[in-house]
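Peer 1: Please work out how this folds:
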Amino acid sequence: MLDPRQDVRTIVANSRPASLSAKPHAPLSVLFVYPNITGQHSIQLGLASLIAVTRQQGHQCQLFDTTFLPPNSAGHELRQTVTRVRPDLLAVSCRSYEWGFVESLLAALGSQRPLTIVGGPHATCATKEVIRSSVVDMAAIGEGESTLTELLSHLASGSGVEGISGLWTKTGGQIHRTPPGMLVGRLDTLPAPDWELFDSRHLDVNYFVKGKMLPMRLGFFETGRGCPSSCPYCINEHLHTLYRDVDKYERRKPVQSLIEEISEKVHRYKLQYVFLIDDWLALRSKRVQRFFDAYRDQIKLPFTFLTRPEEITEKATANAVSAGAAMVGIGIECGDEQLRRGLLRRRMSNKTIINAFTICRHLGLSTHSYNMIGLPFETRSSIQATISLNQKASPDFVGVSIFYPFPGTSLRALCEERGLLRAESDVVRKTFHSATAIKGPLGAGRLARLRVLIPHMVFCRSRLGRAWLSTCERSTLAFRVFSSLEQRKQGHLSMYGNGG
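Peer 2: Numbers count the residues shown, from 1 in each chain. Got it, this is the predicted structure:
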């Protein structure tokens with residue numbers, strides 16, 4: 001096992017096991033880490049792609065997944081896994097709200113910690129913070145396939161690792177930076193994401209279909225990379241800046257390649273439902289229409305897709321429905337039109353949003369609205385506008401998250417400038433599922449309660465019910481009673497699985 005405490009330039013030469021010294025290109029052992037603190041049931045497609053390219057090189061792969069571990073056991077379990085596997089490289093993919101957990105997880109390894117690389121959204125947007133950590137040896141920025149491929153080749157051959165594009169390293173207190181790695185221009189040249197190491201429970205979820213929560217086997221698929229939007233609260237804004245000199249930041253998988261990938265996974269894993277996870281599926285594009293035609297003929301399973309309100313037209317949406325679309329996720333985000341247009345830079349009108357949901361309803365397509373609360377400068381009246389707009393749009397399912405100030409975004413910079421961030425220890429422990437990471441007029445507890453209550457406020461029609469929900473918003477005790485009753489009624493089911 002390579003020793004992380006030495007300079008990364010000399011690790012391979014001085015600390016490689018005898019087997020690797022005798023065979024410079026012998027396979028390495030890589031332990032990937034999935035620090036899934038939200039417990040959401042879904043295969044992490046970024047990790048699955050990295051596992052696929054690593055296996056393609058002939059290296060051995062293992063996966064440490066925290067999703068289904070008992071509370072507070074991750075550190076102990078990781079130590080045991082490292083002792084058993086003895087990996088040459090520990091590769092962690094980390095989102096910003098997972099960073100505090102990842103640091104504590106790696107610190108728990110102590111002297112057992114292998115050579116460690118951290119990549120993913122947080123390493124891309126807060127690279128200095130990651131590389132300065134005492135439990136990290138290398139930080140990968142941007143898409144990781146080309147960077148990881150080159151790193152493993154260097155390690156296996158005994159070469160130094162400085163100068164690899166997309167890889168930051170350090171020698172003592174000096175940080176060695178490189179520009180982002182190459183984007184994969186043709187996505188069909190990558191091997192299909194490898195799901196084999198993931199727990200099959202990631203596929204078994206409870207999901208809303210036609211107004212009912214049903215258990216089913218569901219798979220997530222990426223049809224392309226590179227969102228055309230630069231929303232100021234999303235990592236895509238930072239990625240647009242990172243790759244501003246790249247001609248083809250937005251890339252889409254060829255239709256036939258995508259159909260073959262979905263078909264293989266459907267048959268291998270007995271999938272019953274497909275979720276297309278692109279941030280914005282361009283419904284009116286000829287490529288998407290060709291995809292729907294091929295999907296209708298060759299896959300024949302219900303699916304969910306995500307898009308923006310302005311993409312919804314009668315003709316394009318009808319084609320999606322005829323191909324098997326059962327649900328569409330549409331971002332409303334904020335019902336306060338002035339706040340939505342100004343702060344969030346989402347220029348669509350309330351009328352456009354309502355019209356999109358109306359078209360879907362007339363075509364029999366279930367809808368899921370995505371909403372954010374806890375935005376900078378948001379008031380209770382702004383939140384009420386979000387509730388009111390959802391009532392007018394009438395989605396079948398209302399999802400609510402709490403704004404999280406992701407590093408690298410304009411809204412994170414605004415929060416820092418205005419002194420809105422809570423203590424750093426607070427920020428790294430929050431997620432958009434739990435509590436706010438910024439200071440605001442409503443308070444953290446009330447926002448956390450509203451996140452749960454807003455879907456009920458949207459659908460509640462009785463005066464008595466609305467009064468009860470209002471009491472629950474303001475009273476912790478009443479909210480506890482409400483939560484207990486809801487858990488009994490729903491049997492602890494959630495949109496994306498028992499752990500969601």
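Peer 1: domains of the chain?
Peer 2: Taking automatic domain parsing as the domain assignment, the ranges for the chain are 11-176, 203-461.
Peer 1: what mean pLDDT would you report for the shortest one?
Peer 2: Translated: domain 11-176. The predicted model assigns domain 11-176 a mean pLDDT of 89.
Peer 1: Tell me the bridge partners for residue 401.
Peer 2: In this structure, residue 401 has beta-bridge partners residue 372, where bridges are defined by DSSP bridges.
Peer 1: That one contacts residue 369, doesn't it?
Peer 2: No: because the distance of 11.5 Å does not satisfy Cβ atoms under 8 Å, residue 401 is recorded as not touching residue 369. To be clear about C-beta, it is placed using only N, CA and C from the backbone, and glycine gets the same treatment.
Peer 1: Looking at these two, which is more packed in?
Peer 2: Taking neighbours as other Cβ atoms under 10 Å, residue 401 and residue 369 compare with residue 369 leading, 27 against 15.
Peer 1: Pull the contacting residues for that one.
Peer 2: Listed by Cβ atoms under 8 Å, 6 or more residues apart in numbering, the contact set of residue 369 reads 329-332, 357, 390, 393, 395, 397-399.
Peer 1: for residue 66, same thing?
Peer 2: Shown in contact with residue 66 (Cβ under 8 Å, 6+ apart): 33-37, 74, 105.
Peer 1: out of those, who's nearest residue 26?
Peer 2: Among the contacts of residue 66, residue 33 lies closest to residue 26 (Cβ to Cβ), at 23.0 Å.
Peer 1: list the contacts for that closest one?
Peer 2: When the contact criterion is Cβ under 8 Å, 6+ apart, the partners of residue 33 are 63-64, 66, 78, 90-93, 102, 105.
Peer 1: Tell me the bridge partners for it.
Peer 2: residue 64, residue 92.
Peer 1: Count the neighbours of the residue nearest to residue 349 when sequence neighbours are not counted for me.
Peer 2: By the measure of Cβ to Cβ, 6 or more residues apart in numbering, the closest residue to residue 349 outside its immediate chain neighbours is residue 337, 6.9 Å from it. In terms of burial, residue 337 registers 16 neighbours under the definition other Cβ under 10 Å.
Peer 1: rewinding a little: include distance to residue 252 when you put the contacts of residue 33 into JSON lines, please.
Peer 2: Conversion of the contacts of residue 33 to JSON lines gives the following (distance: Cβ to Cβ, whole Å):
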{"residue": "63", "distance to residue 252": "28"}
{"residue": "64", "distance to residue 252": "32"}
{"residue": "66", "distance to residue 252": "32"}
{"residue": "78", "distance to residue 252": "37"}
{"residue": "90", "distance to residue 252": "33"}
{"residue": "91", "distance to residue 252": "27"}
{"residue": "92", "distance to residue 252": "28"}
{"residue": "93", "distance to residue 252": "23"}
{"residue": "102", "distance to residue 252": "31"}
{"residue": "105", "distance to residue 252": "35"}
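Peer 1: any idea which of these is the one closest to residue 444?
Peer 2: Residue 444 has its nearest neighbour among these in residue 102, at 23.2 Å by Cβ to Cβ.
Peer 1: quick one: that closest one and residue 91 touch, right?
Peer 2: No: using Cβ under 8 Å, residue 102 is not in contact with residue 91; the gap is 11.8 Å.
Peer 1: re the thing from before, now, the contacts of residue 66 that are in helices?
Peer 2: In this view, the contacts of residue 66 that belong to helices under DSSP state H are 74, 105.
Peer 1: Could you export the contacts of residue 66 as TSV, including distance to residue 270?
Peer 2: Output for the contacts of residue 66, formatted as TSV (distance: Cβ to Cβ, whole Å):
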residue	distance to residue 270
33	28
34	22
35	28
36	23
37	29
74	30
105	33
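Peer 1: before we move on, back to that, want to throw the domains of the chain into CSV with distance to residue 474?
Peer 2: What follows is the domains of the chain, written out as CSV (distance: least, Cβ to Cβ, whole Å):
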stretch, distance to residue 474
domain 11-176, 27
domain 203-461, 7
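Peer 1: For residue 194, find the nearest of the ones you listed.
Peer 2: Ranking the domains of the chain by distance to residue 194, with Cβ to Cβ as the measure, places domain 11-176 first at 4.0 Å.
Peer 1: Where does residue 457 sit, in terms of helix or strand?
Peer 2: Taking DSSP states H and E as the definition, residue 457 sits inside helix 444-459.
Peer 1: Just the buried positions in that helix, please.
Peer 2: By neighbour count on 16 or more other Cβ atoms under 10 Å, the buried set for helix 444-459 is 444, 446-451, 453-458.
Peer 1: how about those residues in a markdown table, adding distance to residue 115 and pLDDT?
Peer 2: Conversion of those to a markdown table gives the following (distance: Cβ to Cβ, whole Å; pLDDT from 0 to 100):
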| residue | distance to residue 115 | pLDDT |
| --- | --- | --- |
| 444 | 39 | 90 |
| 446 | 45 | 94 |
| 447 | 41 | 95 |
| 448 | 39 | 94 |
| 449 | 44 | 95 |
| 450 | 44 | 96 |
| 451 | 40 | 95 |
| 453 | 47 | 96 |
| 454 | 45 | 97 |
| 455 | 45 | 96 |
| 456 | 49 | 96 |
| 457 | 51 | 97 |
| 458 | 50 | 97 |
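Peer 1: so where do the strands sit in the stretch 1-150 of the chain?
Peer 2: Remark: strands assigned in the stretch 1-150 of the chain by DSSP state E, counting those that start in this stretch are 29-34, 60-65, 89-93, 116-119, 138-140.
Peer 1: what's the distance between residue 418 and residue 305?
Peer 2: Taking Cβ to Cβ, to the nearest Å as the measure, residue 418 and residue 305 are separated by 36 Å.
Peer 1: The nearest residue to residue 133 once chain neighbours are set aside: how many residues sit nearby?
Peer 2: Once its chain neighbours are removed from consideration, residue 133 has its nearest residue in residue 103; the separation is 6.0 Å (Cβ to Cβ, 6+ apart). By the measure other Cβ under 10 Å, the count of residues near residue 103 is 19.
Peer 1: Hmm, residue 103 is touching residue 130, no?
Peer 2: No: at 9.2 Å, residue 103 and residue 130 do not qualify as touching, with contact defined as Cβ under 8 Å.
Peer 1: ranges for the helices of the stretch 201-350 of the chain?
Peer 2: 235-242, 255-269, 286-298, 314-323, 337-342, 350-362 (DSSP state H, counting those that start in this stretch).
Peer 1: closest to residue 482 out of those helices?
Peer 2: Shortest distance between residue 482 and the helices of the stretch 201-350 of the chain, using Cβ to Cβ, is found for helix 350-362: 26.9 Å.
Peer 1: Name the surrounding residues that touch the closest one.
Peer 2: Under Cβ under 8 Å, 6+ apart, the answer for helix 350-362 is 309-314, 317, 328, 330, 332, 335, 337, 366-367, 369, 389, 392-395.
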